[in-house]
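Novice: fold the following and give me the result.
(one chain, ligands or ions: 1)
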Amino acid sequence: MAAPKVAVVGAGVIGLSTALCITETCPSCSVTILSDQFSPNTTSDVAAGMLIPHTYPGTPIHVQKQWFKETFAYLFAISNSAEASEAGIHLVSGWQVFKNAPKEELPFWSDVVLGFRLMSEAELRKFPQHRFGQAFMTLKCDCPPYLLWLEKRLKATGAQMYTRKVADLWELHSKYNVVVNCAGIGAQQLVGDKELFPVRGQVLKVHAPWVKNFIRDGDGLTYIYPGIHRVTLGGTREKESWSLFPNPGTTKDIFDRCCSLEPSLRGAQDIKVKVGLRPSRRCVRLQREVLSQGGLKLPVVHNYGHGAGGFSMHRGTAKEAARLVGECIAALQGSLSRAKL
Ligand code: FAD
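Specialist: Numbering: from 1, shown residues only. Prediction:
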């Protein structure tokens, strides 16, 4: 079989990292990314990009932990290289604080992040409304630079990128041997997935360079995540809301909530408001499927539905998707050689 042709639909963090893993595991493949939007216009550009996992109720915890470990190790190596600044990856220390002690004292990812420990009484004095807390160091991606860095790496491997909306995966069957679906919330329309729904998130990106530590309320709603250039203040989780317009009342509410955790933010400047739709599902859809029409077949690998945790899990799920692409190619090569006998 000549160089297998693989099309990846989607250019958010999942599509780009999956395409990159495919070029690494199958260097003979010709990889093309087709997407109706690229950075800076994807949900991935809006994200805070913190590596603090969200839990998928439909995926076994050991699988989620493996995905997180692989992602953490990959980004930790970048943070420790000369690429760190261009890729927008850095280590950040901080606190997750709770008004009441959480049910599980140790989250499943506590031994993957660095230096996880319970907060001392002295540290908790900074948060008079909270009674319990965890301190640790994790990684943060500045999302637009990281997406551009992934695009640059892909172009260097010879991957092609085209702006194109795909209405039906089957329209790709005549040109590609395998199609990978990384369409995020777009998969709801693209493959009619009724289990996929948006969880709207509004965040503020502000200039507050004195804020060096992250602070996250354990309810997951209020957070302050310092990046290399700007601090992300969040947030909201609005299930089934498709609106991409910022809500001014929500902006004020987010700002007030964050200031009550970190009063110095009252001096923050140049406030920009962003909205994104988290592609949410009970579990990430990471599986093979074979589409067929009139005796013709098209192998597809799905990798979407990362909800609130796409950055935390992207490298782990991309590796698994690339492995599934390898299985599809092996199956195609097997059927070609059987046909020749
Ligand atoms: P997207 O980034 O939406 O990419 C989908 C791509 O598919 C786009 O390029 C789109 O144009 C393309 N596409 C869709 N349909 C089609 C079609 N029919 N044809 C062609 N192309 C198509 N996660 C974390 O881990 N940590 C965080 O701190 C974090 N913070 C967040 C904060 C907010 C406010 C939000 C909204 C999300 C946050 N997330 C976070 C979640 C994270 O952003 C998502 O899980 C992740 O971006 C999903 O990536 P994706 O590539 O699947 O989707």
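Novice: pull up the per-residue confidence for residue 333.
Specialist: Confidence at residue 333, expressed as pLDDT, is 84.
Novice: residue 341 too?
Specialist: Residue 341 carries a pLDDT score of 64 in this model.
Novice: helix, strand, or coil at the closest residue to the ligand within the stretch 51-200 of the chain?
Specialist: In the stretch 51-200 of the chain, the residue that lies nearest the ligand is residue 186 (2.1 Å; Cβ to the nearest ligand atom). Backbone N, C-alpha and C define where each C-beta goes, glycine included. Secondary structure state of residue 186, per DSSP: H, G, I helix; E, B strand; the rest coil, is helix.
Novice: and the pLDDT for it?
Specialist: For residue 186, the model assigns a pLDDT of 98.
Novice: tally of neighbours for it?
Specialist: Neighbour count of residue 186, defined by other Cβ atoms under 10 Å: 24.
Novice: now it: how far from residue 307?
Specialist: Using Cβ to Cβ, to the nearest Å, residue 186 is found at 15 Å from residue 307.
Novice: now residue 46
Specialist: With the distance defined as Cβ to Cβ, residue 46 ends up 14 Å from residue 307.
Novice: can you check residue 110 too?
Specialist: On the measure of Cβ to Cβ, residue 110 and residue 307 end up 21 Å apart.
Novice: more neighbours: which of the two?
Specialist: Neighbours around residue 110 and residue 307, counted as other Cβ under 10 Å, are more numerous at residue 307. The numbers are 22 against 13.
Novice: which stretches of the stretch 101-250 of the chain have low pLDDT?
Specialist: Filtered on pLDDT under 70, the stretch 101-250 of the chain yields no residues whatsoever.
Novice: please export the C-alpha coordinates of stretch 180-195 as PDB.
Specialist: Extracted as PDB, the C-alpha positions of stretch 180-195 are listed here (Å, rounded to 0.1, in the frame of the first residue of the first chain):
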ATOM      1  CA  VAL A 180     -10.100  10.900  12.400                       C
ATOM      2  CA  ASN A 181     -12.900  12.900  14.000                       C
ATOM      3  CA  CYS A 182     -11.600  15.500  16.400                       C
ATOM      4  CA  ALA A 183     -14.500  18.000  15.800                       C
ATOM      5  CA  GLY A 184     -15.200  18.900  19.500                       C
ATOM      6  CA  ILE A 185     -18.700  20.200  19.900                       C
ATOM      7  CA  GLY A 186     -19.000  20.100  16.100                       C
ATOM      8  CA  ALA A 187     -19.300  16.300  16.300                       C
ATOM      9  CA  GLN A 188     -22.900  16.700  17.500                       C
ATOM     10  CA  GLN A 189     -23.900  17.800  14.000                       C
ATOM     11  CA  LEU A 190     -21.100  16.000  12.100                       C
ATOM     12  CA  VAL A 191     -21.900  12.500  13.400                       C
ATOM     13  CA  GLY A 192     -25.300  13.100  15.100                       C
ATOM     14  CA  ASP A 193     -24.000  12.300  18.600                       C
ATOM     15  CA  LYS A 194     -26.900  13.000  21.000                       C
ATOM     16  CA  GLU A 195     -24.800  12.200  24.000                       C
END
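Novice: would you state the helices of the stretch 101-250 of the chain in chain order?
Specialist: Residue ranges of the helices in the stretch 101-250 of the chain, as given by DSSP state H, counting those that start in this stretch, are 121-124, 143-156, 187-190, 248-261.
Novice: buried set for the third one?
Specialist: Buried residues in helix 187-190, defined by neighbour count with 16 or more other Cβ atoms under 10 Å: 187, 188, 190.
Novice: excluding chain neighbours, what is closest to the first one?
Specialist: When you say that, I think you mean residue 187. With Cβ to Cβ, 6 or more residues apart in numbering as the measure, residue 304 is the residue that lies nearest to residue 187, at 4.5 Å, once sequence neighbours are left out.
Novice: same check on the last one?
Specialist: Counting by Cβ to Cβ, 6+ apart, residue 190 lies nearest to residue 183, which is 5.0 Å off, once chain neighbours are set aside.
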